[in-house]
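Chemist: any chance you could fold what I've pasted below:
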Amino acid sequence: MKKTVQLLMVIVLTVPFITVSSPAADAKKPIATVFKPVGTVEYQAEGKNWTKATPAIPLYPGDRVRTGERSFVIIKFLENSILRVQEKSEIRINGEISADKEFSKNVYVRQGQLGFNVQKHPNEKFEFTTPTSVASIRGTQGLLTSSDSSFQLILGSGVVIVTNLISNRNITVNGGQAATSLANGQLTIRQATQEELNHMHQGSSENGGGQGQGQGNQGGNQGGQSSGTSSGGAMTFGFNVTSPSVTEGSSFDVTVEFTQMSVPLDTLKTLVSYFALAYKAPSAVTYKEIPGTITGSSVKFTIPEADAVAPSIQVYVILKTKTGAQVTYPQTNPESNPIVIPIQSAKTNEVRIEFTDPSGNRKTMVIEY
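Modeler: Alright, predicted model coming up:
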């Protein structure tokens, strides 16, 4: 007879002590939304059939989401925590909002891979559960992979204590490390490779498109970050696009850094005829462009406060040379596949989501909590 071994792994992030009360369940309120489905993405409301997932669909406690081959979906919780569910994965979300607005969330990862960028808020709890493990997260970024017999965590930032209850061993995982826990009780830790860290950033990306993009910076400031490469003609560039945590109605800087170049920086300065950041709110029809001058390896572009509107702003990079070459980042279809920077609503008790209804009309969905 085949024996099933159950493994429980508990992850505790080292942060100042936070008291979390037990929220009362309220299944009538949505706790997250489908932010960006790409490819074959379906969701299943509790007790219903699987249905195609489209942007701005609210997700309620007990709802499931699954992705097909070469597909992924971005899911955003009310407090702006972000999940990027990779291809051939399936999850179930649960959450409770108490009368005191305390938010407790749990994501069951039945199989597959999931990137996360969890915002750190007082009196909130965020857990991942898999067939072998439980991970309690507080304000951090990483990538987890789950199957019936194993669990792997690549941690981008923070400190996590991993305990395997089969072997009763525990280890401390720091940012930049990887931990593996197996159903036979084995628990290991090592330094993550650069390839794994790049994959982790891509796997927790909110923008989802482009080459090697990522979301979330390595410090405590939960803003936006995207890294990858683009090419035009005989030139290749590596870009790192970052922004701070943004609140609606406040101007902010987007920094574009050249992380690699096929030509020296001094040569690039003489070759470039136009360098700009294009941006727009999801409800806008056209992009605006902010020209910049390359004086060093990074350039800052300031988004005006009037254009900082929740829930997000879309940006991409434009570079043109005197020889006629043009490079954008993201490289492929940047207008329809941009970098998405989250913008926190000025009102702490609501999330606004811009979407297009089946008739083509622009509308705003307001979720209060």
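
Chemist: what about the strands in the stretch 101-250 of the chain?
Modeler: 103-117, 124-129, 134-137, 141-146, 150-155, 159-164, 169-174, 177-182, 187-191, 224-232, 235-243 (DSSP state E, counting those that start in this stretch).

Chemist: so what strands line up beside the third one?
Modeler: Sheet partners assigned to strand 134-137 using DSSP bridges are listed as strand 124-129 (antiparallel).

Chemist: with the last one instead?
Modeler: Each strand that strand 235-243 pairs with, and the sense of that pairing, follows from DSSP bridges: strand 224-232 (antiparallel), strand 252-261 (antiparallel).

Chemist: list the buried residues for the last one?
Modeler: Put plainly, it is strand 252-261. Phe252, Val254, Val256, Phe258 (16 or more other CB atoms under 10 Å). Bear in mind the C-beta positions are built from the backbone N, C-alpha and C, glycine included.

Chemist: which residues are contacting it?
Modeler: Contact with strand 252-261 is made by 227, 229, 235-244, 246, 265, 268, 277, 279, 292, 297-303, 308, 315, 317, 341, as judged by CB atoms under 8 Å, 6 or more residues apart in numbering.

Chemist: returning to what we had before: for the strands of the stretch 101-250 of the chain, which has the smallest mean pLDDT value?
Modeler: Note on those: strand 159-164 shows the lowest mean pLDDT, a mean of 70.

Chemist: can I assume Glu335 is in contact with Ile318?
Modeler: No - using CB atoms under 8 Å, Glu335 makes no contact with Ile318, being 10.6 Å away.

Chemist: neighbour count: these two, which is higher?
Modeler: A count of neighbours by other CB atoms under 10 Å puts Ile318 above the other of Glu335 and Ile318, at 19 against 13.

Chemist: is it true that that one touches Ala278?
Modeler: Yes - counting by CB under 8 Å, Ile318 touches Ala278, with 5.9 Å between them.

Chemist: what is in contact with these two at once?
Modeler: In contact with both Ile318 and Ala278: Glu289, using CB under 8 Å, 6+ apart.

Chemist: quick revisit: which PyMOL command selects the buried ones in the contacts of strand 252-261?
Modeler: Filtering these down to the buried ones (16+ other CB under 10 Å) takes a single PyMOL command:
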select buried, resi 227+229+235+237+238+239+240+241+242+243+244+246+268+277+279+292+299+301+303+308+315+317+341
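
Chemist: where along the stretch 251-369 of the chain do the strands fall?
Modeler: Assigned by DSSP E, counting those that start in this stretch, the strands in the stretch 251-369 of the chain fall at 252-261, 272-280, 288-291, 298-303, 312-321, 326-329, 339-342, 350-356, 362-368.

Chemist: could you dump these into TSV with mean pLDDT and distance to Asn164 added?
Modeler: Below are those laid out as TSV (pLDDT from 0 to 100; distance: least, CB to CB, whole Å):
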stretch	mean pLDDT	distance to Asn164
strand 252-261	90	37
strand 272-280	96	46
strand 288-291	97	50
strand 298-303	96	43
strand 312-321	92	39
strand 326-329	92	41
strand 339-342	84	34
strand 350-356	54	37
strand 362-368	57	38
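
Chemist: could you export the strands paired with strand 235-243 as a markdown table, including distance to Pro37?
Modeler: Formatted as a markdown table, these follow (distance: least, CB to CB, whole Å):
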| stretch | distance to Pro37 |
| --- | --- |
| strand 224-232 | 19 |
| strand 252-261 | 25 |
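
Chemist: for Glu102, find the nearest of those.
Modeler: If you check each of those against Glu102 by CB to CB, strand 224-232 wins as the nearest, at 26.5 Å.

Chemist: chain center to the closest one, what's the gap?
Modeler: 16 Å (CA atoms, centre = their mean, to the nearest Å).

Chemist: now the angle between strand 141-146 and it, please.
Modeler: In terms of direction (axes from the mean of the first three to the mean of the last three CA atoms, to 10 degrees), strand 224-232 departs from strand 141-146 by 80 degrees.

Chemist: tilt between strand 224-232 and strand 312-321?
Modeler: Using the same axes, to 10 degrees, strand 224-232 lies at 30 degrees relative to strand 312-321.

Chemist: please save the CA atoms from strand 224-232 in PDB.
Modeler: The C-alpha coordinates for strand 224-232 follow below in PDB (Å, rounded to 0.1, in the frame of the first residue of the first chain):
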ATOM      1  CA  GLY A 224       7.800  49.200  -9.000                       C
ATOM      2  CA  GLN A 225      10.700  47.600 -10.800                       C
ATOM      3  CA  SER A 226      11.200  46.100 -14.200                       C
ATOM      4  CA  SER A 227      14.400  44.700 -15.700                       C
ATOM      5  CA  GLY A 228      15.200  43.200 -19.100                       C
ATOM      6  CA  THR A 229      16.900  43.700 -22.400                       C
ATOM      7  CA  SER A 230      15.900  45.100 -25.800                       C
ATOM      8  CA  SER A 231      17.700  45.400 -29.100                       C
ATOM      9  CA  GLY A 232      17.600  47.500 -32.300                       C
END
